[in-house]
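[1] sequence first, predicted coordinates after that:
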Amino acid sequence: MNEALLRQFIDENLLLSLSGLFALAIVVNYYFSKKALIISKRKRLFAEVNHRSSHEDPVPSFGGISFFIVLVAAILGIVGLGYSDSISFILLGLFFLFLSGLKDDLIGTSARTKLLVQIATALVVLLNTDFQINHLGGFLGIEALSPTWSLIISVGFIVFFVNAFNLIDGIDGLASLTGMVSLAVFGFLFFLRDNLPLLFISVALFAALFNFLFFNLAPRRKKMFMGDTGSLVVGYILSILAIALIADQPIQPESDYIPQNAVVFLFSVLVIPILDTLRIIVIRLTRGKKPWVADRNHLHHVLLHCGLTHIQATAALIGLQIKAIVIVILINDLGPIALHGYLVCLYLTYGAVFLVLSKAKTQNSATFKKLTWVLRTLLP
């Protein structure tokens, strides 16, 4: 079967093809995750356990290697079948970011070096104009952007979100499930817009994260973290997919399932990593610390401090993410004022809840008991 016939078969049997891609990505991810786990144990390559760690035992942290392999295979397949040549820019940036994350997992990397690599990888992918934010679709009253502001905002968003996603990778399952929920939403929108290349990438990475959960949530003997290699790669792909959705925002969306404002919608879908990062920056600056100096003030740390287990804390945060997505979909047709007002209320409400929870000294404190019902109300 030549390339043209294979592509025709995929186009005519899209759901079947997506199912095959999902299954293949799981197989590839499982195989290389297993190899990474074995090599890590033999070479004693474990995640460092320190005062910031949420785990007590040494655990391999190279699950992200399999993500990279799955994504490389998917992108090469997309290019090889003629769906898109420009998407190869993602592959080039992904390669440099992967090497940076791998070095960080092995011997560590300075914050300055990581930032420079992230800026470079952002600039690489932005060589493809399809991945530039050239308008905001009315967000904050802003429509078209000049080329200069388009580049600044696009690079800034990619660098910010890559770091934001990296920061939430602190407890079992949180980064994987946050990514899976986001990819499910993005994939659905790409399906509606008939953007097959980005739909394939969404499905492939979703499958890889789904399979990785079985390693991340496994008992100690089979347990593995995604590490910076994984979190940087996943954050990078999510940021690019988000930019593509903004760039492809219809002027007047016709379907009820197309967001009226892509920026508001994406800030709702990605609320957990974005809120966590904004909150951490404010806390560190108000305490006279540098924003990149690590601590234990993340959203998941607050929940662990209140007595929740890793699984319970992850479930609570994913519940809040899903709640935000459901509400923004329900109010999609209420107009820009309602959407902007909702976004402000969303971040202020979630931020206030975690601010008060962080003041609770124990799970039995009066502060924690008063806030418990609020958190339960916010969950789906």
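    Done, it's in. Predicted model only: the values in this text are computed from it and were never measured.

[2] longest strand in this structure, by number of residues?
    Across the chain, the longest stretch assigned as strand under DSSP state E is strand 135-139.

[3] packing partners for the next helix or strand along the chain from that one?
    For strand 135-139, the succeeding helix or strand toward the C-terminus, using DSSP states H and E, is strand 142-144. Packing partners of strand 142-144 (3 or more Cβ pairs under 8 Å, 6 or more residues apart in numbering; DSSP states H and E): strand 135-139. The way it works is simple: take the backbone N, C-alpha and C, and place the C-beta from them, glycine included.

[4] which positions within the strand it packs on qualify as buried?
    135-139 (16 or more other Cβ atoms under 10 Å).

[5] partner strands of that strand, with direction?
    Counting by DSSP bridges, the strands paired with strand 135-139 are strand 142-144 (antiparallel).

[6] what packs against the following helix or strand past the partner strand?
    Moving toward the C-terminus from strand 142-144, the next helix or strand (DSSP H and E) is helix 147-167. Packing partners of helix 147-167 (3+ Cβ pairs under 8 Å, 6+ apart): helix 111-125, helix 174-192, helix 227-247, helix 271-286.

[7] could you measure from residue 145 over to residue 173?
    As judged by Cβ to Cβ, to the nearest Å, residue 145 and residue 173 stand 37 Å apart.

[8] which one of the two is surrounded by more residues?
    In this view residue 145 and residue 173 are compared by other Cβ atoms under 10 Å, and residue 173 has more residues nearby, 20 against 17.

[9] what does the more buried one show for phi and psi?
    phi 80, psi -20 (degrees, to the nearest 10).

[10] contact partners for it?
    Residues in contact with residue 173 (Cβ atoms under 8 Å, 6 or more residues apart in numbering) are 213, 216-217, 310-311, 314.

[11] just the buried residues out of those, in ChimeraX syntax.
    Applying 16+ other Cβ under 10 Å to the contacts of residue 173, the buried members can be selected in ChimeraX as follows:
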select :216,310,314
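
[12] of the contacts of residue 173, closest to residue 279?
    Closest approach to residue 279 among the contacts of residue 173 (Cβ to Cβ): residue 314, at 17.7 Å.

[13] give the buried residues for the helix or strand where the closest one lies.
    For residue 314, the host element (DSSP H and E) is helix 310-330. Within helix 310-330, the residues that count as buried by 16+ other Cβ under 10 Å are 310, 313-318, 320-325, 328.

[14] one more: stretch 336-354?
    339-340, 342-343, 346-347, 350, 353-354.

[15] circling back to that earlier point, max pairwise distance over the contacts of residue 173: which two?
    213 and 310 (12.5 Å).

[16] what angle sits between the helix or strand that contains residue 344 and strand 135-139?
    Under the criterion of DSSP H and E, residue 344 resides in helix 336-359. Counting by axes from the mean of the first three to the mean of the last three Cα atoms, to 10 degrees, helix 336-359 lies at 90 degrees to strand 135-139.

[17] one step back: farthest pair in the buried residues of stretch 336-354?
    339 and 354 (23.2 Å).

[18] list the contacts of stretch 206-225.
    Under Cβ under 8 Å, 6+ apart, the answer for stretch 206-225 is 21-23, 25-26, 28-30, 33, 36-37, 40, 47, 57, 59-63, 66-67, 70-71, 169, 172-173, 176-177, 179-180, 183-184, 187, 226, 230, 234, 311.

[19] could you rerun that using 7 Å?
    Here stretch 206-225 makes contact (Cβ atoms under 7 Å, 6 or more residues apart in numbering) with 22, 25-26, 29-30, 33, 37, 47, 57, 59-61, 63, 66-67, 70, 172-173, 176, 179-180, 183-184, 187, 226.

[20] over to stretch 314-329?
    Counting by Cβ under 7 Å, 6+ apart, 171-174, 177-178, 181, 185, 264-265, 268-269, 271-272, 299-300, 303, 308, 342, 346, 350, 375, 378-380 sit against stretch 314-329.

[21] alpha carbons of that stretch, as CSV, please.
    Taking Å, rounded to 0.1, in the frame of the first residue of the first chain, the C-alpha atoms of stretch 314-329 are listed here in CSV:
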residue,chain,number,x,y,z
THR,A,314,-4.7,14.5,42.4
ALA,A,315,-8.4,13.6,42.2
ALA,A,316,-9.3,17.0,43.8
LEU,A,317,-7.2,19.0,41.4
ILE,A,318,-8.4,17.1,38.4
GLY,A,319,-12.0,17.6,39.6
LEU,A,320,-11.4,21.3,39.8
GLN,A,321,-10.0,21.3,36.2
ILE,A,322,-13.0,19.4,34.9
LYS,A,323,-15.4,21.7,36.8
ALA,A,324,-13.8,24.7,35.1
ILE,A,325,-14.1,23.1,31.6
VAL,A,326,-17.7,22.2,32.1
ILE,A,327,-18.8,25.6,33.3
VAL,A,328,-17.0,27.5,30.4
ILE,A,329,-18.7,25.2,27.9
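
[22] great, nothing more from me.
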